[in-house]
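Participant: Below are the sequence and a predicted model for it; my questions follow.
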Amino acid sequence: MLQSKGYLPYAAPLIGEEELLEVIDTLNTGWLSRGPKCALFEERFASFVGSKYAVAVNSCTAAMFLALKAMDIGPGDEVLTSPLTFAATANVIVHTGALPVFADISPKTLNIDPDEIAQKISPRTKVILPVHYAGRACDMDRILELAAAHGLKVLEDAAHAVYTRYKGRMVGSIGDATAFSFYVTKNLSTGEGGMLTTDDVELAHKVRLLSLHGMDTDAWKRYTAKGSWYYRVLLPGYKCNMTDLQASLGLRQLERLAEMQRIREAYARAYNEGLKGLEGIVLPHADEEGRHAWHLYVVQIDEKQAGLSRQSFIEELKRRGIGTSVHFIPVHLHPYYATAYGYKEGDFPAAESAYRKLVSLPLYPKMTEDDVEKVIGAVRGIMCKRY
Ligand SMILES: Cc1ncc(COP(=O)(O)O)c(C=O)c1O
């Protein structure tokens, strides 16, 4: 992610003076682990998404895992998710002992297709785990309908969806629980970090317990003048809490999120305008009914129409100093999933066909308008060269 001169990485965080000062303030207070700033960040994040509770943890992976554990998911259960996601979404299901079951995506939105979910629901299914791919909301009405009809929980993977809105509701306030990522490339970054939001008081309480050894009081409460040394372990928990150093970044990033989002939207519009009409490149669909967080700007290179392969496109951009990425290798194609569960090529044709074409172009508020123009010029140059 380090920016070398003249090279535009596909993602980079925007850290300003405010973040630096907040981190220094935390260093001066001495609360380097979980403390009052985590509590404040949780409060502000919950109010931002419109959920009753938020629990700050050290990653989205931890948020999803702890939520599944708190929902009592384990061996014999099935959890339904998208194959077009980062492996963490499926890995956490495996870690609970449950079976990861994939439902193919809609080629238009690249999100899990509710019709496919309907076909995959079995008596063992307990949770639907939709992924808001690139920051575009899944079809939550249909997903919630299916969940209600079959008595399932909905845990959303909102790693890409800080600021995503679905039909007037913020992602984070829709399903039973939602997991966010604050990893370095994400729309709001704490370096590493995550948040679980929910309206369910018991779920929030259990995730909080599980995130810190199962202890019934936080260290920072015990170590204050009013605190007591006494604590009890109510569950065999894990160590997944956020720290106040991370929360310092989070608090200041949250304050500048609206501005960062405005820039993402402006750059996405510039790409839509600048790249339209090029043969062989399919541009991402905006969300007509909600708000796309534009975490990623994902184009699809149709090798036949474009006259060049996806890999050549990536290499040509790299030659011009532009970084890209591919989101994602479908999870079922990874060796572990193929070997452990017998998944194979052809199982999820829509995800596989999309995967062969996907390229994520740089899109983040730290980029300048000139950077955006540089990418547009480079893509146009590459795509038009074959004429
Ligand atoms: C869709 C998706 N889910 C989950 C994660 C995991 O997030 P984290 O690194 O915060 O655990 C990522 C990370 O990139 C992701 O892209």
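Facilitator: Ah, there it is.
Participant: Now residue 42: which helix or strand?
Facilitator: helix 36-49 (DSSP states H and E).
Participant: who's in contact with that helix?
Facilitator: 22, 26, 31, 52-56, 170-173, 178, 180, 195, 197, 220, 241-244, 246-248, 250-251, 254, 257 (C-beta atoms under 8 Å, 6 or more residues apart in numbering). Glycine gets a C-beta too; all of them are placed from N, C-alpha and C.
Participant: Which of these fall within helices?
Facilitator: Among those, the ones falling in helices (DSSP state H) are 22, 26, 220, 244, 246, 247, 248, 250, 251, 254, 257.
Participant: Point out the least confident one among those.
Facilitator: Minimum pLDDT for the ones in helices among the contacts of helix 36-49 is recorded at residue 220 (69).
Participant: Contact partners for the residue nearest the centre of the chain?
Facilitator: By C-alpha atoms, centre = their mean, the chain has its centre lying nearest to residue 159, at 1.3 Å. By C-beta under 8 Å, 6+ apart, the residues touching residue 159 are 60, 86, 131, 179, 180, 181, 183, 186.
Participant: State the number of residues packed around the nearest residue to residue 268 once chain neighbours are set aside.
Facilitator: Spatial nearest neighbour of residue 268, chain neighbours left out: residue 294 (4.6 Å); criterion: C-beta to C-beta, 6 or more residues apart in numbering. Residue 294 has 27 neighbouring residues, counting by other C-beta atoms under 10 Å.
Participant: could you pull out the helices for the stretch 251-387 of the chain?
Facilitator: 257-275, 303-306, 310-319, 335-341, 349-355, 369-384 (DSSP state H, counting those that start in this stretch).
Participant: tell me, which of the ones you listed is the model least confident about?
Facilitator: helix 303-306 (a mean of 92).
Participant: That one: how far from the chain's middle?
Facilitator: The chain centre lies 30 Å from the centre of helix 303-306; the measure is C-alpha atoms, centre = their mean, to the nearest Å.
Participant: Go through it and flag the buried ones.
Facilitator: By neighbour count on 16 or more other C-beta atoms under 10 Å, the buried set for helix 303-306 is residue 306.
Participant: Now whichever residue of the stretch 251-387 of the chain sits closest to the ligand. Nearest residue, chain neighbours left out?
Facilitator: Using C-beta to the nearest ligand atom, the single residue of the stretch 251-387 of the chain nearest to the ligand is residue 327, 6.9 Å away. What sits nearest to residue 327 in space, not counting adjacent residues and going by C-beta to C-beta, 6+ apart, is residue 360, at 5.3 Å.
Participant: who's in contact with the one you found?
Facilitator: 10, 134, 296, 297, 298, 324, 325, 326, 327.
Participant: before we move on, what about residue 216?
Facilitator: 209, 231, 232, 233, 234.
Participant: Ok, residue 256 next?
Facilitator: Contacts of residue 256 by C-beta under 8 Å, 6+ apart are 14, 16, 18.
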